[in-house]
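*Asks:* No letters, just coordinates:
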């Protein structure tokens, strides 16, 4: 029986549309172009870094982020805040808490994301990031840490994410239950793949997840 539900961050809890739109503006391309190229990378199983290289060959992401920080020190830039939460997240988490589940956030995120997530004051028991752990998905050690912070056996944990490669398949290999959420380019594309049948649940959002776990 599932006793703990653990959530990825990007395109599971957080809508990344504003982040990628700001990147488009920064790169001087239309937002349609940025989002379309990003979707193409998802369809081709290539990383989002490849989208930058396609739009601007030789692009140095870290150097550009540093320049952006100098140009706009008080702006969100590549960061997110509570306004980026999907609308169903907060009520969905509250509903799952009322059902008695332990709730944990654990995803691949940079250093500043931890403070942003904590500031949202979500109804969860703890928040963790890959930067804080020094381990990133899909490394099996990441899911070992998930089990440790939950204090549960793997079969008592449900991991919720939008990607097969980073979330569903490695969590399943670790012995956890899984739910694939159809959000963002990866979520919609991966839900159509045969491997999606390996997930315990494929849901469109938190209302379906709550219903599945009720």
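*Replies:* Noted; the coordinates are in hand. Computed from a prediction, not measured in an experiment: that's the story for all the values here.
*Asks:* Can you tell me the closest non-neighbouring residue to residue 61?
*Replies:* residue 52 (5.9 Å; Cβ to Cβ, 6 or more residues apart in numbering). From N, CA and C alone the C-beta is placed, and that goes for glycine too.
*Asks:* how many other residues sit next to that neighbour?
*Replies:* If you count neighbours by other Cβ atoms under 10 Å, residue 52 ends up with 21.
*Asks:* for residue 172, same thing?
*Replies:* There are 19 residues near residue 172, going by other Cβ under 10 Å.
*Asks:* check contacts around it.
*Replies:* By Cβ atoms under 8 Å, 6 or more residues apart in numbering, residue 172 lies in contact with 178, 198-199.
*Asks:* PyMOL command for the buried members of those residues?
*Replies:* Entered in PyMOL, the line below selects the buried ones among the contacts of residue 172, by 16 or more other Cβ atoms under 10 Å:
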select buried, resi 178+199
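*Asks:* any idea of the pLDDT on the residue nearest to residue 61?
*Replies:* Note for residue 52: predicted pLDDT of 96.
*Asks:* Now the element after the top helix by length along the chain, going C-ward?
*Replies:* Counting by DSSP state H, the longest helix found in the chain is helix 31-43. Of the helices and strands lying after helix 31-43 in sequence (DSSP states H and E), the nearest is helix 48-55.
*Asks:* Would you mark the buried spots in the helix or strand that that next one is followed by?
*Replies:* Next helix or strand after helix 48-55 toward the C-terminus (DSSP H and E): helix 61-71. Neighbour-count burial for helix 61-71 flags 64, 68 (criterion: 16+ other Cβ under 10 Å).
*Asks:* Now do helix 61-71: everything it contacts.
*Replies:* Taking Cβ under 8 Å, 6+ apart as the rule, helix 61-71 contacts 26, 49, 52, 77-78.
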